[in-house]
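*Asks:* model this:
(one chain, ligands or ions: 1)
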Amino acid sequence: MGIEFKRRDKVAKFLNPFKDFELSEAKCQIRKDPLTGRTGRLAHFVGFKPPSADFTRIIEDSEQNCPFCPENVLKITPKFDPGQIPEGRLKKGESILFPNLLPYDANSALAVLCKKHYRALTDFTPGIFVDALENCLDYLDRVIEDKGGTYGLVTWNYMPAAGSSQVHPHFQVYATQEPGNFLQAMLSSGRKYMQENGRTYWEDYIKAETDAGQRLITQGKSSVWLTDFVPLSALADIVGIFPEKQTLFDLSNADLREAAQILNTAIAYLGQQGVYSLNMGWMPARETERHHWLQLRISPRLYLAPHVWCTETPSLVYQYQESFMIWAPEDTAKELGEFVKKAESGH
Ligand SMILES: [Zn+2]
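*Replies:* Prediction:
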């Protein structure tokens, strides 16, 4: 079975009030994910930039009483049961990791990324991500007893539009037997693909994307980065795939550094495009699930109309679980690819 990037164009017609009620057309496109069959719709507004939103007041006010700022973090965040983690909290560089008061599972923690209360997307460094990820890995390594039966997940809700109640940058990290519906669908479809084709879907997918040449962003030594054909975000999903790796534990120190470097460049690009919020999620398999390759997904979030707090999750997206895209993944891949090249050459 070949991998197909299926798309169907649709045209809506109406009498346009901005053209003296002339009969006008607007195009949209329906796309299908080649692995799971998940569909999404592209209404391509060329040159769309997220409407700017002013967070100055929210940032300043939240800093007055922030539980994650250096003067508070050791006083008012929870500590681990000494029987489980005797140090109470885990530290690595500026990152501090402690139990989540609103746990996602039995082993569920938060990792504050840095001392600084607020960082714009253009203001992070690869080192911040390396330290925080190593801290999360240390935690997962200690709490996961059965790596063949448990998923170790690390996520980031950056700023309120992505579901974060805290401005101060922090990851969520937890161990679970239930990886969530999105990842579960990928894992199940990937298993089926391997049973039917005798090969890993992700190997064929990277080859198909490389041949298509439309959504590839950059290729590192241990990772391939592209934009998803059917993103979850209204803007673009940037996905890093780590061939032959299943879990975060499979990443060497050099792999982790490469991932942090490209992640840092990708979010700086998004910041320059006016993005002020995003979700990031590691999508691992369990140790034994060779049909899946570890990936990192970055999904920008926004208010479509910040002056009325209009989110980008209408009924179509939230209830029908259908992506609605405004940026074409192909455009983002091209621009981000050039941005990465410039960043690598130091310009
Ligand atoms: Zn803070």
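
*Asks:* Which residue does the stretch 1-150 of the chain have closest to the ion?
*Replies:* The minimum distance from the stretch 1-150 of the chain to the ion, using CB to the ion, falls at residue 66 (3.1 Å). For glycine as for every other residue, the C-beta is placed from the backbone atoms N, C-alpha and C.

*Asks:* While we're on that residue, how confident is the model there?
*Replies:* On the pLDDT scale, residue 66 is placed at 98.

*Asks:* Spatially nearest residue to it (excluding sequence neighbours)?
*Replies:* Spatial nearest neighbour of residue 66, chain neighbours left out: residue 168 (5.3 Å); criterion: CB to CB, 6 or more residues apart in numbering.

*Asks:* ok, back up a step: is it true that the residue of the stretch 1-150 of the chain closest to the ion touches residue 118?
*Replies:* No: the criterion here is CB atoms under 8 Å, and residue 66 misses it with residue 118 at 9.4 Å.

*Asks:* Give the residues shared as contacts by the two.
*Replies:* Common neighbours of residue 66 and residue 118, using CB atoms under 8 Å, 6 or more residues apart in numbering, are 167, 168.

*Asks:* picking that back up, doesn't residue 117 make contact with the residue nearest to residue 66?
*Replies:* Yes: counting by CB under 8 Å, residue 168 touches residue 117, with 5.3 Å between them.

*Asks:* Between those two, tell me which one has more neighbours.
*Replies:* Set side by side, residue 168 and residue 117 show more neighbours around residue 168, with 22 against 18, by other CB atoms under 10 Å.

*Asks:* ok but the more buried one is inside a helix, no?
*Replies:* No: assigned with DSSP: H, G, I helix; E, B strand; the rest coil, residue 168 falls outside any helix and is coil.

*Asks:* ok, it - contacts?
*Replies:* Counting by CB under 8 Å, 6+ apart, residue 168 touches 62, 66, 67, 68, 69, 112, 117, 118.

*Asks:* If we use 7 Å, what do you get?
*Replies:* 66, 68, 69, 112, 117 (CB atoms under 7 Å, 6 or more residues apart in numbering).

*Asks:* Centre of the chain to stretch 152-162, how far?
*Replies:* Here the centre of stretch 152-162 is set off from its chain's centre by 8 Å, with CA atoms, centre = their mean, to the nearest Å.

*Asks:* neighbouring contacts of it?
*Replies:* With CB under 7 Å, 6+ apart as the test, stretch 152-162 has contacts from 133, 136, 140, 144, 163-164, 167, 169, 171-176, 179, 247-248, 276-282, 284, 301-303.

*Asks:* Determine the number of other residues adjacent to residue 331.
*Replies:* Using other CB under 10 Å, residue 331 has 17 neighbouring residues.

*Asks:* Residues of this structure that sit close to the ion?
*Replies:* 66, 68, 69, 117, 168 (CB under 5 Å from the ion).

*Asks:* give me that answer again for 8 Å
*Replies:* Residues of the chain lying near the ion by CB under 8 Å from the ion: 62-63, 66-69, 72, 116-118, 166-168.

*Asks:* Pipe these into TSV and attach secondary structure per row.
*Replies:* Below are the residues of the chain next to the ion laid out as TSV (three-state DSSP):
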residue	secondary structure
62	helix
63	helix
66	coil
67	coil
68	coil
69	coil
72	helix
116	coil
117	coil
118	coil
166	coil
167	coil
168	coil
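
*Asks:* Please check the residues you listed and keep the buried ones.
*Replies:* Among the residues of the chain next to the ion, those that count as buried by neighbour count (16 or more other CB atoms under 10 Å) are 62, 66, 68, 69, 117, 118, 166, 167, 168.

*Asks:* And the pLDDT at the last one?
*Replies:* Among the per-residue scores, residue 168 holds a pLDDT of 98.

*Asks:* just the fourth one next, same as before
*Replies:* Looking at residue 69, its pLDDT reads 98.

*Asks:* Wait, it touches residue 116, no?
*Replies:* No: counting by CB atoms under 7 Å, residue 69 does not reach residue 116; the two are 8.8 Å apart.

*Asks:* one step back: out of the contacts of residue 168, which one sits closest to residue 222?
*Replies:* The nearest member of those to residue 222, counting by CB to CB, is residue 112 at 27.2 Å.

*Asks:* Could you report the neighbour count for the closest one?
*Replies:* Residues within reach of residue 112, counting by other CB under 10 Å, total 26.

*Asks:* With residue 153 instead?
*Replies:* Number of residues near residue 153 (other CB under 10 Å) recorded here: 23.

*Asks:* and what of the one 3 residues further on?
*Replies:* Residues within reach of residue 156, counting by other CB under 10 Å, total 23.

*Asks:* So it: helix, strand or coil?
*Replies:* Applying three-state DSSP: residue 156 is strand.
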